[in-house]
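Trainee: Just need the structure, nothing else, for what follows:
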Amino acid sequence: MSTRATYQFKDGPDTLVTYYIHHDGYPAGAAEYYMIPALECFNATGFFRKNERAEVTWGHEAHGDTQFRYTINGEDVDATVTVSERPLSTGVWDPIFEGTLIEFLEKYAETEVKKVKLGYRERYTTKASLENLVEKATAEYEEYKANHPTMLGNLGSFRDERDAAVAALDGF
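Mentor: Below is the predicted model of the structure:
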């Protein structure tokens, strides 16, 4: 669906970056396709890296055909997201959401996002991301174990990483 949107990041007092994406700019699409993939490193750079359709643009006003504007103030999950919609019938920007990134995802995303504990750190993630992490951590542990069976300290670290991922997935 060609619902165009701009995503403007204010990562600091002097940092303002705006991206234009031609498709899926409605709130549910923005949450699923653009914001969840960038969740682990949610800032202007992380968003751009995870969204191959994003084009750098000079501001919200650069494209006259956008229907949604997303303004993100701050970085990571504590960022504030403000969403405005411009109905084709009026052409006037109306604010439709303001809150944290997590509140935005809870309201609009179909994929569930939860805060989990991974070892000593906490982060927001999805079940699919945890499943990928468990698979990767298990493969790394098994490979290291096969290649370095006597390196018990390092094996313990790999095992701990895998176990933390498994525990987080079990708690999801």
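
Trainee: Identify all residues paired with the nearest residue to Asp94 once chain neighbours are set aside through a beta bridge.
Mentor: Nearest in space to Asp94, with sequence neighbours left out and distances taken as C-beta to C-beta, 6 or more residues apart in numbering, is Glu85 at 5.6 Å. C-beta here means a position set from N, CA and C on the backbone, and glycine is covered the same way. Following DSSP bridges, Glu85 is listed with bridge partners Phe68, Asp94.

Trainee: Distance of Glu85 relative to Ala30?
Mentor: 11 Å (C-beta to C-beta, to the nearest Å).

Trainee: Of the two, which one has the most company?
Mentor: Ala30 (24 against 20; other C-beta atoms under 10 Å).

Trainee: got the contact list for that one?
Mentor: By C-beta atoms under 8 Å, 6 or more residues apart in numbering, the contact set of Ala30 is Ala5, Tyr7, Asp24, Phe68, Tyr70, Val83, Tyr108.

Trainee: Please produce JSON lines containing those, extended by distance to Arg162.
Mentor: Output for the contacts of Ala30, formatted as JSON lines (distance: C-beta to C-beta, whole Å):
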{"residue": "Ala5", "distance to Arg162": "39"}
{"residue": "Tyr7", "distance to Arg162": "35"}
{"residue": "Asp24", "distance to Arg162": "35"}
{"residue": "Phe68", "distance to Arg162": "40"}
{"residue": "Tyr70", "distance to Arg162": "36"}
{"residue": "Val83", "distance to Arg162": "38"}
{"residue": "Tyr108", "distance to Arg162": "33"}
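
Trainee: Could you look up the SS state of the residue lying farthest from the centre of the chain?
Mentor: Relative to the centre of the chain, the most outlying C-alpha is that of Thr150, 38.8 Å out, by C-alpha atoms, centre = their mean. Counting by DSSP: H, G, I helix; E, B strand; the rest coil, the backbone at Thr150 sits in coil.

Trainee: Let me know the pLDDT of it.
Mentor: The score at Thr150 is 95. That number is its pLDDT.

Trainee: Report the separation between it and Asp163.
Mentor: 21 Å.

Trainee: ok now do Pro149, which residues does it touch?
Mentor: Contacts of Pro149 (C-beta under 8 Å, 6+ apart): Leu155.

Trainee: cool, and Arg123?
Mentor: Counted by C-beta under 8 Å, 6+ apart, Arg123 has contacts Glu40, Lys115, Val116.
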